[in-house]
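Asks: Next comes the sequence, and after it the predicted model I'd like to discuss.
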Amino acid sequence: TPSPAAAPERRPFSRVTPEDLAFFSKIIPGRTITDPDILETSNVDWLKSVLLRPQTTEDVSQILGYCNSRNLAVSPQGGNTGLVGGSVPVYDEIILSTALMNIVLNFDSVSGQYRCVFESLSLFLEDRDYIMPLDLGAKGSCHIGGNVATNAGGLRLICYGSLQGTVLGLEVVLADGRVLDYLATLRKDNTGYDLKQLFIGSEGTLGVISAVTILCPRKPKAVNVAFLGWESFEQLLQTFQRCREDMRLLNTHLKLANPITDCPFYIVIETSGSNPTHDEEKLHQFLEEAMTSSQVIDGTVAMEEAKIKALWSLRERVTEALTHDGFTYKYDISLPVERIYQLFTDMREHLRDRAKSVVGYGHVGDGNLHLNITSPTKDPVLLASIEPFVYEWTVRFQGSISAEHGLGLKKRNYIYYSKASLAVALMGKIKTMLDPKGILPYKTLPDDLQ
Ligand code: FAD
Ligand code: MLT
Ligand code: ZN
């Protein structure tokens, strides 16, 4: 029996012919890529694939319309920073990249309509005294379309909520090439079912998101960041996780120094407000109270941009540090917050010395643990010890097996741990309705519904 994570069988799609390439080159001249070096940057086996770089919604519409009529499979790709194998082809799917769809369509004081690389969008907004309601360690590479397609959570969710709330509207090119213009800019609009929610988190399986309207907060006048260390997780939870292990990896692999005393748990807290003096005072008072009540072992505060960035690096670069530690098995678990450390300790005890490192970090305010287990090389025996243990543990405590990264290719067959059969069956019906030929294949839904 194949393992649930093994790639599904190739479905009988057409294969790309020279005539197909000629058609694409006519629509997007110079942007139909078969050059091995460029394809490699998209993490793709170039012998099998072709990369298309549309610039406009019309380009995307023509490409998808053609692929649908020719029964050619497509893999949408943004910045390729996804962590569940969603953004690269499984076999010979055509890669449809949004790399060149980088423009701000419209901006006003309430919302903006964008198709953009995240970083340029962030800079555009900051110049106008606004910020993105979303921030994440992948900000240098990801695209807003990819963020919405994965319903990325990130570092500001606790403050501004999820994209399911801040995205006001979408433009989506459906699998058959029709363009769904759902680019509302209204805060309130209860006319019928909220179709945009179907596409937020659909991971490229229902259509290609070609533009987004998003509600952006004003840039705070004052931003403070505190980096604190705790003796116990319970104490951390009292005031408000992170482990010594990821700090060790940051030191060893990235030469990032711990700015405070070594502690078993760390937390980064960012506050934003409108009065710098007042905000600074409040944060210092909070720190003093936390330290005198002996909850916090040590801490440091930053108000200047460079130090804020340095403190955030200690959190944002854990993913990168892990890549230097060996092969990483990644789990993105949602749990009642008081349980997140217990999963970490239970896993460590369960694995004993079979893993190289067991690392826990995440978004404590969101009850989201990133449980990462490394080994020197890919290790099927270790994997068999982790799974299904981790999923069964999660279900026992009413958690979700994917808090924010989605299911992609890697986790698609585990969906039943977190969703009832009826819910998954309805998802299958929606998929069939929006992509009847299934040209956006293999991801998110389990193999029995592909
Ligand atoms: P890709 O990786 O290119 O694609 C992701 C999925 O979306 C694929 O299934 C793809 O087919 C689909 N897709 C992409 N663009 C479109 C589109 N326009 N229309 C339809 N489907 C599309 N995730 C979090 O949630 N929170 C975090 O804090 C976070 N931090 C990260 C930090 C690092 C260092 C890294 C490497 C990743 C992190 N991620 C995080 C995961 C990842 O960055 C996010 O999922 C991100 O939103 C993906 O965007 P992307 O443009 O790179 O999409
Ligand atoms: C994070 O919070 O840093 C991201 O989700 C990436 C990861 O889990 O490694
Ligand atoms: Zn995360």
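Replies: Now that the structure is in, tell me what you want to look at. From a predicted model like this one, the values you see are computed outputs, not experimental measurements. Ligands and ions are numbered 1, 2, ... in the order given.
Asks: Next up, the contacts around whatever residue of the stretch 351-450 of the chain ends up closest to ligand 1.
Replies: Nearest to ligand 1, among the residues of the stretch 351-450 of the chain, is Glu404, at 3.5 Å (C-beta to the nearest ligand atom). The C-beta positions use only the backbone N, C-alpha and C, and glycine is treated the same way. Taking C-beta atoms under 8 Å, 6 or more residues apart in numbering, we find Glu404 in contact with Thr150, Asn151, Ala152, Gly153, Gly154, Asp332, His363, Asn368.
Asks: of those residues, list those near ligand 2.
Replies: Filtering these for proximity to ligand 2 by C-beta under 6 Å from any ligand atom leaves Asp332.
Asks: Quick check: the farthest pair among the contacts of Glu404?
Replies: Greatest spacing in the contacts of Glu404, by C-beta to C-beta: Thr150 and His363 (14.9 Å).
Asks: And the contacts of stretch 150-163?
Replies: Contacts of stretch 150-163 (C-beta under 8 Å, 6+ apart): 82, 86, 132-137, 142, 146-148, 164, 166, 200-201, 203, 214, 217, 270, 272, 312, 315-316, 363, 365-366, 368, 403-406.
Asks: and it with ligand 1, contact?
Replies: Yes: using C-beta under 6 Å from any ligand atom, stretch 150-163 reaches ligand 1 at Thr150, Ala152, Gly153, Gly154, Leu155.
Asks: coming back round to it: check the gap between the residue of the stretch 351-450 of the chain closest to ligand 1 and Leu335 for me.
Replies: Going from Glu404 to Leu335 by C-beta to C-beta, to the nearest Å gives 13 Å.
Asks: Tell me if Val225 really is in a strand.
Replies: Yes: according to DSSP: H, G, I helix; E, B strand; the rest coil, Val225 belongs to a strand.
Asks: Is it correct that it is in contact with Val268?
Replies: Yes: using C-beta atoms under 8 Å, Val225 is in contact with Val268, at 6.5 Å.
Asks: So for these two, which residue has more residues nearby?
Replies: More neighbours surround Val225 than the other of Val225 and Val268, with 22 against 18 (other C-beta atoms under 10 Å).
Asks: partner residues bridging that one?
Replies: Using DSSP bridges, the bridge partners assigned to Val225 are Glu270, Ala302.
Asks: contacting residues for it?
Replies: Val225 neighbours (C-beta under 8 Å, 6+ apart): Val268, Ile269, Glu270, Thr271, Val301, Ala302, Lys307, Ile308, Leu311, Trp312.
Asks: Quick check, the third one in contact with Ala222.
Replies: No: applying C-beta under 8 Å as the test, Glu270 and Ala222 come out as separate, 10.9 Å apart.
Asks: The two: which is more packed in?
Replies: Using other C-beta under 10 Å, the more surrounded residue of Glu270 and Ala222 is Glu270, with 19 against 16.
Asks: What pLDDT does the model give that one?
Replies: Listed pLDDT for Glu270 reads 92.
Asks: and this protein, what are its domains?
Replies: 103-215, 227-316, 325-405 (automatic domain parsing).
Asks: follow-up on the earlier one: which of the contacts of Glu404 fall within strands?
Replies: Counting by DSSP state E, the contacts of Glu404 place Asp332, His363, Asn368 in strands.
Asks: Just the buried residues of stretch 163-174, please?
Replies: For stretch 163-174, the neighbour count (16 or more other C-beta atoms under 10 Å) marks Leu163, Thr166, Val167, Leu168, Gly169, Leu170, Glu171, Val172, Val173, Leu174 as buried.
Asks: can you put those in JSON lines and add secondary structure and distance to ligand 2?
Replies: Converted to JSON lines, those look like this (DSSP: H, G, I helix; E, B strand; the rest coil; distance: C-beta to the nearest ligand atom, whole Å):
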{"residue": "Leu163", "secondary structure": "helix", "distance to ligand 2": "14"}
{"residue": "Thr166", "secondary structure": "helix", "distance to ligand 2": "18"}
{"residue": "Val167", "secondary structure": "strand", "distance to ligand 2": "19"}
{"residue": "Leu168", "secondary structure": "strand", "distance to ligand 2": "24"}
{"residue": "Gly169", "secondary structure": "strand", "distance to ligand 2": "26"}
{"residue": "Leu170", "secondary structure": "strand", "distance to ligand 2": "23"}
{"residue": "Glu171", "secondary structure": "strand", "distance to ligand 2": "27"}
{"residue": "Val172", "secondary structure": "strand", "distance to ligand 2": "25"}
{"residue": "Val173", "secondary structure": "strand", "distance to ligand 2": "27"}
{"residue": "Leu174", "secondary structure": "strand", "distance to ligand 2": "29"}
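Asks: so how far is ligand 2 from Ser280?
Replies: Slight slip there: residue 280 is Glu, not Ser. Per C-beta to the nearest ligand atom, to the nearest Å, Glu280 is found 27 Å from ligand 2.
Asks: quick one: buried residues of stretch 293-306?
Replies: So for stretch 293-306, counting by 16+ other C-beta under 10 Å, buried means Gln295, Val296, Ile297, Asp298, Gly299, Val301, Ala302.
Asks: of those residues, closest to ligand 1?
Replies: Ala302 (19.9 Å).
Asks: Quick check: residues of the stretch 151-300 of the chain near ligand 1?
Replies: So far as C-beta under 6 Å from any ligand atom goes, the stretch 151-300 of the chain lies against ligand 1 at Ala152, Gly153, Gly154, Leu155, Glu203, Gly204, Val208, Ile209.
Asks: Find residues that contact each of Val225 and Val268.
Replies: Leu311, Trp312.
Asks: hang on, the earlier thing: now the residues of stretch 150-163 next to ligand 1 in JSON lines, with distance to Ile386, neighbour count and pLDDT?
Replies: Converted to JSON lines, the residues of stretch 150-163 next to ligand 1 look like this (distance: C-beta to C-beta, whole Å; neighbours: other C-beta atoms under 10 Å; pLDDT from 0 to 100):
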{"residue": "Thr150", "distance to Ile386": "23", "neighbour count": "28", "pLDDT": "98"}
{"residue": "Ala152", "distance to Ile386": "24", "neighbour count": "25", "pLDDT": "98"}
{"residue": "Gly153", "distance to Ile386": "22", "neighbour count": "22", "pLDDT": "98"}
{"residue": "Gly154", "distance to Ile386": "25", "neighbour count": "23", "pLDDT": "97"}
{"residue": "Leu155", "distance to Ile386": "26", "neighbour count": "19", "pLDDT": "96"}
